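1. Next input, structure requested:
(3 chains)
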Amino acid sequence: MASNKRHVFIPTAYTACLIGAIFLPVAFKDIRYTMNVLNFSGIFIILTYSFNFIHGYLGLISIGQAGFFAIGAYVTAGMTLGLGMNTLPALLIAAAAAALVGIGMGFPSTRIGGHYFVLISLAFGEIVRLIILNWREVTNGTNGLSGIPRPALGGFVFDSRLSYYYLILGGIILSALTTGSLRRSTYGRAMLSLKTNELAAAACGVRPVTSKLINFCLSGFFAGLAGGLYASYIGAISPETFSIDLSIDVLTMCLVGGSGTVTGPIVGTAFLVMLKEHLRFLREYYMILYGAGIVAVMIFMPYGIVGMMRKLWNRGLFRPRNPGRDPGKQKS
Amino acid sequence: MKGTEKMEKNVMKGRRIVFMTLLIMGITIGFTGSAGSEIRIGVIGSQTSPLALLGQRQINSAILAASRWNDRGGIRGEKIRLFIEDSADTTTTAITALDRVLAQNVCAILGPIYSFQLFAMFPEIEKERIPMLTTSGTRNLTLMNNPWYFRTYPHDGLTKQAGTLYVLDELKKTRPALACVTTEYGKSGHEIITGLLKEREITPVAVTWHDKNDKDMTGQLQQIKRAAPDVIISQAHPSDTAIFLKQQRDMGIDVPHMASSAASMPSVHSLVGSAMDGVYVETTALPDVDPDPKIQAWTTSYLDRFRTPPDSFALLFYDTAEMLFEAIHAAGSDPKNIRDYLERQRHQGLAGFYAFDAEHNGAFFAVIARYRILEGRLVPEIKKKYDFTPAALRPDKNQD
Amino acid sequence: MIQEIVSGLSMGCIYALTGFGFILIYNAVGAVNFAHGEMVMLGGYFGYTLAGLWGMPLWAAIIVSLFAMSVVGFLFNRIAFFPIRHRPAVTAIIASIGMSILLRNSALAIWGPDPVTLGSFLGDGILTISGVVIARHQVLIVTVSAAVFVGQSLFFSRTFLGKKLQAVAQDQEAAKLMGIHVGRMITVTFILASILAGIAGFLVAPLWFLEPGIGVVIILKAFIAIVIGGFGSTHGLVLGGLFLGVTEVLIASHMTTEYRDVISYLMLVTVLMVRPRGFFGEKIGKKV
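-> Numbering: from 1, shown residues only, chains lettered A, B, ... in the order given. Prediction:
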């Protein structure tokens, strides 16, 4: 019963939000700062989606997403600056490269799990960062690479913040659609059963290896895409950005929004980015609150904002009282 | 049923729209600037993150300079208003800080030290045509042809030159060992020093690298020891410099050590302790011990106000702020006029003499000091002051 | 060569010691505590405040610090682990990441970003034995570590409390059935782990200097040591730590030093892939 209703109005709500998102920047296209925050949020949203594939769908914690992000950024820079390629194809190549590395990361996850995987992801992120830092001949070390061009389509260059916004929005829609369709497909459902109980699912014929590899591939792809978009947007990249702190931020954004959901990454990222900008005046005290916030979210909202809203919805909190129906009977 | 379904649809939609609106309002509240009768200066530095070690002190200097001018009535009667933003330690944070500052319609910016942040900020500065001054040493910054960027700090080439020249000419060493940190600072220093040595046909007998966070240098020191050098030149950050100096002493490698400017920081001295005895330091200024009475007065007032000792960056940042305020005093608050004036300006600051060359490098002095421990106290002695100011820029009267 | 090994051994002892408190918590609640590095940092900072800033003699400072650390451990458990003890382990891991950020930035706010140091119990001196330099403090590190490991081995196998803790670590349900108050035991474990972290802090600070970011460095190295030795095993931890310490120094001394950390991480990954349980650890195969 409850799911029927959701099926009816969720697409409408999504369309409303989509329209809102398309027209949103028109009001702010002249406020440099706001456009910037929107664009950065957008890039991080895509990055958070990449984390969602690994944690939301596979139940693994990865604190190495910054590594894929970095690969996307530097491959894009290398293709455009080094080989003179156009940015758009460079972005795709970078995403593909990151996807390949993602598959590579997927292999160890098939043999070990849980906290061991956390360490591997940590090691991965750090290894990527250290290589970028030290391989000066290729990456220019801390001086970084600058002058990365904006993408161009036909004659149109995505020069302004406004135009870039739409490019990023496209990326977000792509990641959201991928996440959503993966989840809704029968394949996806089988995959989710792995998360609950891997042994049982495997016994039922679900193939854990393929599922994991697919998720890792997608995760790498989107993280790499986000990285390329970042590189081209700012125009200058250096290894400092791709630190463990970024990976942890991504993890937080996904969890706060709601891991495993389709809208979670958007909600979580937008919320946290806004929070950070608003609490700037607190300076280092902000970070103290941030850490406390993570703990609080884990205690009180382990399924994130979206998860909590869903729970409340299922408990009938948003509906008018209907005699003859017991709202307490809903299952989450 | 249909009726309630529709109602629920609308309720849900309504809530989402409200949510989005709040989101939008949240982002935009309070970020529009307004003009007024005051001089608006942006100050961007690291207030948080490990880089706050240097950033906070710089910001303090700007505050000190501005408050002094304001006490005297401001610039041409208009008060200076500083807009301070935190650039933390990534490019993303630097750019958002820049955006916030630019939204306040500032006429000039005193910027962060770190080159990786500056490189990302350059396109925006150029587009907005606002002059930015920073106390950064990385050579490449002024090779980017950004007409709005001004560097008020001797770049690596100069400071390393001072250190290396001193080692070769004054200490007369011929077998140097190099110890560098793997950050940009270390790598660019390494490049410059080996280049300078090569000109004299000298190759370092050992070159070691370490990570900024490394806590143990035994391996590196062993490598150095095996090479039997007659001097060690290091290019590192505060923590690792401290560990290096201490462990070098512990391991009994008894050769002179020419350290980079991190070794002039008071916090490093308290870590190194007695191993500081005899260490040479290449730096731009030594505010806590310079005999010049004006610098001493400045250091005292800085200490009084901020309760933390200033370092060389703080002093030069102060000079930078002063230079900027003088430029505004002379040329008005239009950014283009400020820039034009800066290009011609001659400024005698506390730490030295400033004038910009064609690349917008503004400072050309360096100081070699040696620390001794006398009667239990750490006493630095300025051994030699180098001045590489090009003749074309010198003022007519004598300067240091 | 000997010089490197000697230095590496004392570094290794630090890794093992810091990893030890971590392992205790892991064994007891099955969750990884990312904030353990910050606990070590806190121990060091307490010492710095008491001895360095307030001028207490070192022996008094350590007693007070360890007491403070127990309180911290107790609170830590209450705030970050107890409320989520029935949730899946990932929740606890993430909560500990949050605590790590909180503690790190609190340290930044309280003590500032400048690195500080702490005096050593044996003083600053160095000994030279046939050309090999050993700092007195390094001797202290090795001795204290040895004492701690011997002590804990006796504690867990001989004392009643130790056995109760072991029971909880092995099987909480069974322990409960045996009448052991699991919640209390977990609290004790946390307090114990914090005290160990405090001791580690006093040992680390004179050598590595304290600054708010040091927790991350510590925990990373401890992780690698634990993985090499084997999750959950104390013998493994000691060997893993020593191995890591010595290898690091040897690599820095004889090989390219720029990529030294990359090599450490690659070692970690290799061990995880080839022999995930390390040398002595539990079996963690997950295949059907």
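2. Tell me where the stretch 201-332 of chain A has strands.
-> Using DSSP state E, counting those that start in this stretch, the strands of the stretch 201-332 of chain A run over residues A:236-237.
3. so who does C:Cys13 touch?
-> C:Ile141, C:Val142, C:Ser145, C:Ala146, C:Gly241, C:Leu242, C:Gly245 (Cβ atoms under 8 Å, 6 or more residues apart in numbering or on different chains). Using the backbone N, CA and C atoms, a C-beta is placed for each residue, glycine as well.
4. swap in B:Tyr386?
-> With Cβ under 8 Å, 6+ apart, B:Tyr386 has these contacts: B:Leu158, B:Gln161, B:Ala162, B:Leu165, B:Phe365, B:Ala366, B:Val367, B:Ile368.
5. Can you get me the start-to-end distance on stretch B:366-382?
-> Using Cα to Cα, to the nearest Å, one end of stretch B:366-382 lies 11 Å from the other.
6. Apologies, that question was intended for stretch A:77-97.
-> Across stretch A:77-97, first to last residue, Cα to Cα, it's 13 Å.
7. Quick check: mean pLDDT of it?
-> Per-residue pLDDT values over stretch A:77-97 give a mean of 88.
8. How about it, which residues are buried there?
-> For stretch A:77-97, the neighbour count (16 or more other Cβ atoms under 10 Å in any protein chain shown) marks A:77-81, A:85, A:87-88, A:90-97 as buried.
9. which ones among those residues come in contact with chain C?
-> The subset of the buried residues of stretch A:77-97 within reach of chain C, by Cβ under 8 Å from any Cβ of the partner chain, is empty.
10. out of those residues, who's nearest B:Glu201?
-> Lowest distance from B:Glu201 to the buried residues of stretch A:77-97 (Cβ to Cβ) belongs to A:Leu81, with 35.5 Å.
11. Burial check on the residue of chain C found nearest chain B, number of neighbours?
-> Proximity of chain C to chain B (Cβ to the nearest Cβ) peaks at C:Ala252, 2.6 Å away. The local packing of C:Ala252 (other Cβ atoms under 10 Å in any protein chain shown) involves 28 other residues.
12. That one reaches B:Leu221, doesn't it?
-> No - counting by Cβ atoms under 8 Å, C:Ala252 stays clear of B:Leu221, with 9.3 Å between them.
13. B:Glu85 and chain C, how far apart?
-> 18 Å (Cβ to the nearest Cβ, to the nearest Å).
14. try B:Ile95
-> The spacing between B:Ile95 and chain C, counted by Cβ to the nearest Cβ, is 22 Å.
15. State the number of residues packed around that residue.
-> 23.
16. now swap in the one 10 residues further on and tell me
-> The tally of other residues near B:Asn105 (other Cβ under 10 Å) stands at 15.
17. Give me the three-state assignment for it.
-> Three-state call for B:Asn105 (DSSP: H, G, I helix; E, B strand; the rest coil): coil.
18. So it versus B:Arg81, what's the distance?
-> Using Cβ to Cβ, to the nearest Å, one gets 11 Å for the distance from B:Asn105 to B:Arg81.
19. Need the residues touching each of these two.
-> Common neighbours of B:Asn105 and B:Arg81 (Cβ under 8 Å, 6+ apart) are B:Arg40.
20. Show me what the helix or strand harbouring C:Ala92 is packed against.
-> Assigned by DSSP states H and E, C:Ala92 belongs to helix C:89-111. Judged by 3 or more Cβ pairs under 8 Å, 6 or more residues apart in numbering or on different chains; DSSP states H and E, the packing partners of helix C:89-111 are helix A:114-134, helix A:244-257, helix A:284-300, helix C:36-47, helix C:214-229.
21. tell me the SS of B:Ala177?
-> Going by three-state DSSP: B:Ala177 is strand.
22. Pop out the phi and psi values for the residue lying closest to it once chain neighbours are set aside.
-> Counting by Cβ to Cβ, 6 or more residues apart in numbering or on different chains, B:Pro229 is the residue found nearest to B:Ala177 once chain neighbours are left out, at 3.7 Å. Backbone torsions of B:Pro229, given as degrees, to the nearest 10, read phi -80, psi 170.
23. How much space separates B:Pro229 from chain C?
-> Applying Cβ to the nearest Cβ to B:Pro229 and chain C gives a distance of 15 Å.
24. Surely that residue and B:Ala206 touch.
-> Yes - using Cβ under 8 Å, B:Pro229 is in contact with B:Ala206, at 6.3 Å.
25. Identify the contacts common to these two.
-> What both B:Pro229 and B:Ala206 touch, as defined by Cβ under 8 Å, 6+ apart, is the set B:Ala177.
26. Quick one: residues contacting the residue nearest to B:Ala177.
-> B:Arg175, B:Pro176, B:Ala177, B:Pro204, B:Val205, B:Ala206, B:Val255.
27. Now with 10 Å, please.
-> B:Lys173, B:Thr174, B:Arg175, B:Pro176, B:Ala177, B:Leu178, B:Pro204, B:Val205, B:Ala206, B:Ile253, B:Val255, B:Pro256 (Cβ atoms under 10 Å, 6 or more residues apart in numbering or on different chains).
28. Dump stretch B:45-64 to PDB, keeping only the CA atoms.
-> Presented in PDB, the C-alpha positions along stretch B:45-64 are these (Å, rounded to 0.1, in the frame of the first residue of the first chain):
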ATOM      1  CA  GLY B  45      45.100  33.200   5.000                       C
ATOM      2  CA  SER B  46      45.000  29.800   6.800                       C
ATOM      3  CA  GLN B  47      43.100  30.200  10.000                       C
ATOM      4  CA  THR B  48      42.500  26.500  10.300                       C
ATOM      5  CA  SER B  49      44.200  23.300   9.200                       C
ATOM      6  CA  PRO B  50      47.900  22.600   9.800                       C
ATOM      7  CA  LEU B  51      48.800  25.500   7.700                       C
ATOM      8  CA  ALA B  52      47.400  27.800  10.300                       C
ATOM      9  CA  LEU B  53      50.900  27.700  11.800                       C
ATOM     10  CA  LEU B  54      52.000  30.500   9.500                       C
ATOM     11  CA  GLY B  55      48.600  31.800   8.300                       C
ATOM     12  CA  GLN B  56      47.400  33.000  11.700                       C
ATOM     13  CA  ARG B  57      50.500  35.100  12.300                       C
ATOM     14  CA  GLN B  58      50.200  36.800   9.000                       C
ATOM     15  CA  ILE B  59      46.600  37.700   9.500                       C
ATOM     16  CA  ASN B  60      47.700  39.200  12.900                       C
ATOM     17  CA  SER B  61      50.200  41.400  11.100                       C
ATOM     18  CA  ALA B  62      47.500  42.700   8.800                       C
ATOM     19  CA  ILE B  63      45.300  43.500  11.700                       C
ATOM     20  CA  LEU B  64      48.100  45.300  13.500                       C
END
